[in-house]
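Visitor: mind folding the following:
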Amino acid sequence: MKIYNTQSNRKEEFIPLNEGKVNFYVCGPTVYNFFHIGNARPFVVFDTVRRYLEYKGYKVNYVQNFTDVDDKIIKKAIEEGITSQEVGDKYIKEYFEDADALGVRRATKHPRVTETIPEIIDFIKILVDKGYGYVKNGNVYYDTKKFKGYGKLSGQNIDDLVSGARIEVNVEKKSPTDFVLWKNQKPGEPGWESPWGMGRPGWHIECSVMSTKYLGDTLDIHAGGQDLIFPHHENEIAQSEAATGAPYVKYWMHNGYITINNEKMSKSKGNFFTVRDIRKDYDGEVLRFFLLSAHYRNPINFNRELIEQAKVSLERLYNTKKNLEHLEKHATLSDMNDSEKKILEEMASHESKFVEVMDDDMNTADALASLFEFSKHINSETNENSSKEFIKAVFDKFVELSSVLGFLEKQEELLDGDIQKLIDQRQLARKEKNYALSDEIRDNLSEQGIVLEDTPQGVKWKRR
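Guide: This next block holds a predicted model:
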């Protein structure tokens, strides 16, 4: 299996530090609002990487943090007249609602910054003691010129950065590239006691501390959005390697940007969409399908036409699953015959292709293509004469591969239950010769895109 490592700029064979185990850290959200579609992409992409690693037999220790103290959170607390902690609590809850809808599984651990303050202070003390941190008026800064490897992830030269206009000017800093490790407390802000006075952590230090606390000095994989390569991940390397003396990360993974109708997403342009906004019109699984329909490192353009295509495509997978469930329920033959065994062997090629493309830097776009080939093969080789054993074997493999990408797992049960209840009511109406009610139920289902088919084995349904 190969993974594209941002630091080396090439695909590398994936060899974890410890056989069979993967320590995986992903930068989580700053919890001051609903997360937008740009935030959603790394959550979905790296949840899928985690799922695939587990499918390959690895035990994955997956950590994703919550930034729950930050300038934006403080501003939100003032706007809403509540505390920063209440803002964090509120939007962590909202995060889980949207993440659950997208099929993003809970991390092994979701640490919060405010729960890690003692460890953050200890980490900063190590950096100060080693000469990498310096104190100015209650603020603590990282001395970037002290760290020889600064710029190795983003490929930037520190002298070019010093002369660049992108770096904020701060008279307290020795160099424009230096960044804050600890901020002194301003009136009205939350703060904690520290050797440098009351204050709170800078943004970059939190990920160094939480990742090493839960995963050790060296991580197998650290992932996030492309926008985090510099300065956030560059600064994490500088902090962590200076403090521990060990290499920080073996494989860096970053996903590409999202554009909206081929334009950069921006509140001022009115093309800023939260996942909560999109969920008003589309199921979260449809959005997940859209996000995985392109290779994670490529940019992806969001528009209504493409999300509609994702919806239709996902429904095709559900129809295959539904058809198999119906056939299995009504199958009369139990054991697989020789012909079915041969077909099943042929179908194994779809899983081989799926694995081949996922092993090539997690190419979910091609993995989806192999899944649809599998679906097509299933639909042509299964029917009411198939044995239960054959249908079940096909069903289990189809659902297993779909689940690696996070599909066919949820909401369908609830929706199916509602549909089945209406079908049962219609069957009862027909039995009682209440054809008006029977037709009404059929028409109602039809308006919702559900097509009924009366067969000798019972009623089948599918989405139009």
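Visitor: contacts made by stretch 118-134 with the rest, please.
Guide: For stretch 118-134, contacts defined as C-beta atoms under 8 Å, 6 or more residues apart in numbering pick out 113, 135, 140-143, 146-147, 174, 181-182, 192, 194-195, 201, 205-206, 208-209, 212-213, 238-239, 242-243. Any C-beta I mention is one placed from the backbone N, CA and C, and that applies to glycine too.
Visitor: mind listing which of these are in strands?
Guide: 135, 140-142, 181-182, 201 (DSSP state E).
Visitor: now the residues you listed in JSON lines, with distance to Tyr95?
Guide: As requested, the ones in strands among the contacts of stretch 118-134 are exported to JSON lines (distance: C-beta to C-beta, whole Å):
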{"residue": "Val135", "distance to Tyr95": "35"}
{"residue": "Val140", "distance to Tyr95": "29"}
{"residue": "Tyr141", "distance to Tyr95": "31"}
{"residue": "Tyr142", "distance to Tyr95": "29"}
{"residue": "Leu181", "distance to Tyr95": "26"}
{"residue": "Trp182", "distance to Tyr95": "26"}
{"residue": "Pro201", "distance to Tyr95": "20"}
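Visitor: which of the residues you listed sits closest to Val87?
Guide: Pro201 (16.7 Å; C-beta to C-beta).
Visitor: what about the nearest residue to that closest one once chain neighbours are set aside, neighbour count?
Guide: Among residues not flanking Pro201 along the chain, Ile120 sits closest, at 4.8 Å (C-beta to C-beta, 6 or more residues apart in numbering). Residues contacting Ile120 under the criterion other C-beta atoms under 10 Å number 24.
Visitor: alpha carbons of the helix or strand harbouring Ile120, in CSV - could you do that?
Guide: Per DSSP states H and E, Ile120 falls inside helix 117-129. In CSV, the C-alpha atoms belonging to helix 117-129 read as follows (Å, rounded to 0.1, in the frame of the first residue of the first chain):
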residue,chain,number,x,y,z
ILE,A,117,-3.8,22.7,29.8
PRO,A,118,-1.4,21.1,32.4
GLU,A,119,0.3,19.0,29.7
ILE,A,120,0.5,22.1,27.4
ILE,A,121,2.2,24.1,30.1
ASP,A,122,4.7,21.3,30.7
PHE,A,123,5.4,21.0,27.0
ILE,A,124,6.1,24.8,26.7
LYS,A,125,8.3,24.7,29.8
ILE,A,126,10.5,22.0,28.0
LEU,A,127,10.8,24.3,24.9
VAL,A,128,11.7,27.3,27.1
ASP,A,129,14.3,25.2,29.0
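Visitor: how about that helix: buried residues?
Guide: By 16 or more other C-beta atoms under 10 Å, the buried positions in helix 117-129 come out as 117, 120-121, 123-125, 127-128.
Visitor: about what we covered before: mind checking pLDDT for the residue nearest to Pro201?
Guide: Here the pLDDT value assigned to Ile120 is 98.
Visitor: try Arg464
Guide: 68.
Visitor: do the same with Cys27
Guide: 97.
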